[in-house]
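Novice: Just to be clear, the model below is a prediction. Sequence and coordinates:
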Amino acid sequence: MAELVRIRKKRLQIPISRLRSMLKQLEEKDVDFEEIKKNLDFTASLLEAVYLDGSRQCLESEDDLQQLQSDGVPSEVTDWLASTFTQRVRRPVRRSDEKPKFRSIVHAVQAGIFVERMFKRAYTAAMPDQPAEVVKCLRDVDRWSFDVFALNAASSDHALQTLFFELITRYELNSRFKIPISCLTEFLSAVERGYCKHNNPYHSHVHAADVTQTLHCLLLRSGLVHWLTELEVMAALFAAAIHDYEHTGTTNNFHIHTKSEFALIYNDRSVQESHHLSAAFRLLQNDQMNIFINLTREEWMELRSLVIEMVLSTDMSSHLLQVKAMKSCLQQQERIDKSKALSLLLHTADISHPSKPWVLHSRWTKALMEEFFRQRGRAWPTLLSFV
Ligand SMILES: Nc1ncnc2c1ncn2[C@@H]1O[C@@H]2COP(=O)(O)O[C@H]2[C@H]1O
Ligand SMILES: [Zn+2]
């Protein structure tokens, strides 16, 4: 793994140093501005291509370049790839009339910084040694088809801990927010125990790991990750990890109609979601588990507010409202509220399994059916009408 990262880093050194030198020239304003903007645009397209089509492990040979070409990457980008990563000489670039937009430069710079960070993390992560099987599973962590069940088996039933650790270190959020490693370990163990409390076939820590990975995939592949601050990414991953914490394996309706303790505490409003939040935040009251101990007060307030909004939005009863609000926002070209967008993304990840490969979807569906049947059993016979 370390060897692979070393090779990848070496390959990316050329475009990274190119990007840096272009930026320096831009600052000094002593070059052809249009040319440099175009180069930056190419760099962004290259980096996006490397990530978006999952081919960042390639660029080994001409075959890989061929593959990029067939995947619809512009010919200029493929040429640039060839001249940068292989011995092939670059063809003259066709001049385009279209002026590169300032946004392209912003994206290029952001993409460059992001890619460099993703690779740097391999050198800074304090992650414990993982079994080879876990490392193998995690290679697919950026993919929609990621097999969370395989990860759970490889990590001896610790999918959530393993995945959260991986993502936090990948995004370098552990160093950015000075998360004590011992707190992170304690906290994640407690979260996994909470998910096991009711022995649910569906709402287990594996579901939490699945939703967290899916959210990461959505953020990465849509490019939204460049639009977000580190605090927002941290809040999003945290919200996904805890979004069903201590789920009882029953629906909100079940709680309301059985006049459960939770329904009484939360006044029939988003009963489960309110409990997931409250119980997870309560864990952080314990200093041994407070992974956010080093956040400033402002950072903490912002993170807490975002997480609350995101987890409450996983209440299925808010589905239509959320979709309608986002549609009207897009139609009227209004500025999109980040917390609303993140909430919708978490909700999307939460109900995403029907769009995953059949082998994953059918497994989730069986687990959910089993959970629904168990609830029916618990409600029998008087309350059957509402379950
Ligand atoms: N394929 C599905 N069909 C019907 N309901 C689903 C399906 N997938 C998920 N759900 C429900 O949608 C809910 C989303 O939030 P939860 O994860 O708490 O619980 C989930 C299930 O109750
Ligand atoms: Zn869920």
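Specialist: That came in fine, so what should we check first? Ligands and ions are numbered 1, 2, ... in the order given.
Novice: For the closest residue to ligand 2 within the stretch 1-150 of the chain, list the residues it contacts.
Specialist: As assessed by Cβ to the ion, ligand 2 sits closest to V148 within the stretch 1-150 of the chain, at 12.9 Å. Just so you know, the C-beta spots here come from the backbone N, C-alpha and C atoms, and that holds for glycine as well. For V148, the contact set (Cβ atoms under 8 Å, 6 or more residues apart in numbering) comprises A159, L163, V206, A209, D210, Q213, L360.
Novice: and F238, what is it in contact with?
Specialist: F238 sits in contact with L303, V307, where contact means Cβ under 8 Å, 6+ apart.
Novice: Pull up the gap between the closest residue to A325 other than its chain neighbours and ligand 2, please.
Specialist: The shortest distance from A325 to any non-neighbouring residue, by Cβ to Cβ, 6 or more residues apart in numbering, is to K340 (6.8 Å). Separation of K340 from ligand 2 (Cβ to the ion, to the nearest Å) stands at 19 Å.
Novice: Make 9 the starting number, not 1.
Specialist: Yep, numbering from 9; the last one is K348 now.
Novice: three-state assignment of K348?
Specialist: Three-state assignment for K348 (DSSP: H, G, I helix; E, B strand; the rest coil): helix.
Novice: what's around it, how many residues?
Specialist: 16 (other Cβ atoms under 10 Å).
Novice: can you pull the pLDDT of it?
Specialist: With respect to pLDDT, K348 scores 96.
Novice: In contact with it, which residues are there?
Specialist: The contact partners of K348, by Cβ under 8 Å, 6+ apart, come to Q330, A333, M334, C337.
Novice: and those residues, which are buried?
Specialist: Buried residues within those, counting neighbours by 16 or more other Cβ atoms under 10 Å: Q330, M334.
Novice: Can you give me the first-to-last residue distance of stretch 261-276?
Specialist: Stretch 261-276 has an end-to-end distance of 9 Å (criterion: Cα to Cα, to the nearest Å).
Novice: List the contacts of the residue in the stretch 259-395 of the chain that ligand 2 sits nearest to.
Specialist: Closest to ligand 2 within the stretch 259-395 of the chain is D358: 4.4 Å, counting by Cβ to the ion. Neighbouring residues of D358 by Cβ under 8 Å, 6+ apart: V219, H251, T322.
Novice: Now the phi/psi pair for the last one, please.
Specialist: Pointing back at T322 there. T322 adopts backbone torsions of phi -80, psi 0, taken as degrees, to the nearest 10.
Novice: how far away is it from ligand 1?
Specialist: To ligand 1, T322 is 5 Å away according to Cβ to the nearest ligand atom, to the nearest Å.
Novice: Distance of that residue relative to D218?
Specialist: For T322, the distance to D218 equals 13 Å [Cβ to Cβ, to the nearest Å].
Novice: Comparing those two, which residue is more hemmed in?
Specialist: D218 (28 against 23).
Novice: If we ignore the residues flanking it in sequence, what's nearest the more buried one?
Specialist: V156 (4.4 Å).
Novice: Angles on the backbone of that neighbour, please.
Specialist: phi -70, psi -30.
Novice: count of neighbours near the residue of the stretch 59-208 of the chain found nearest ligand 1?
Specialist: Ligand 1 sits closest to N208 of the stretch 59-208 of the chain, with a gap of 10.0 Å, by Cβ to the nearest ligand atom. Here the count is done by other Cβ under 10 Å, and N208 has 21 residues near it.
Novice: Likewise for T266?
Specialist: Neighbour count for T266, taken as other Cβ under 10 Å: 17.
Novice: Around ligand 1, pick out the residues from the stretch 259-395 of the chain.
Specialist: Neighbours of ligand 1 within the stretch 259-395 of the chain, by Cβ under 6 Å from any ligand atom: T322, M324, D358, I359, P362, T373, L376.
Novice: where's the most centrally placed residue in the chain, which helix or strand?
Specialist: Centroid-nearest residue in the chain: H224, 1.1 Å away (criterion: Cα atoms, centre = their mean). Using DSSP states H and E, H224 sits within helix 213-230.
Novice: Would you mind pulling up the elements that that helix packs against?
Specialist: Under the contact criterion of 3 or more Cβ pairs under 8 Å, 6 or more residues apart in numbering; DSSP states H and E, helix 213-230 touches helix 41-60, helix 156-162, helix 167-178, helix 189-204, helix 238-250, helix 346-358.
Novice: again, 6 Å this time
Specialist: Packing partners of helix 213-230 (3 or more Cβ pairs under 6 Å, 6 or more residues apart in numbering; DSSP states H and E): helix 156-162, helix 167-178, helix 238-250, helix 346-358.
Novice: and for the second one, what are the contacting residues?
Specialist: Outside helix 167-178, the residues that touch it by Cβ atoms under 6 Å, 6 or more residues apart in numbering are 129, 133, 135, 146, 156, 159-160, 163, 182, 196, 200, 213-214, 216-217, 220-221, 224, 245, 249.
Novice: can you tell if that helix touches ligand 2?
Specialist: No. Judged by Cβ under 5 Å from the ion, helix 167-178 makes no contact with ligand 2; its nearest approach is 12.4 Å.
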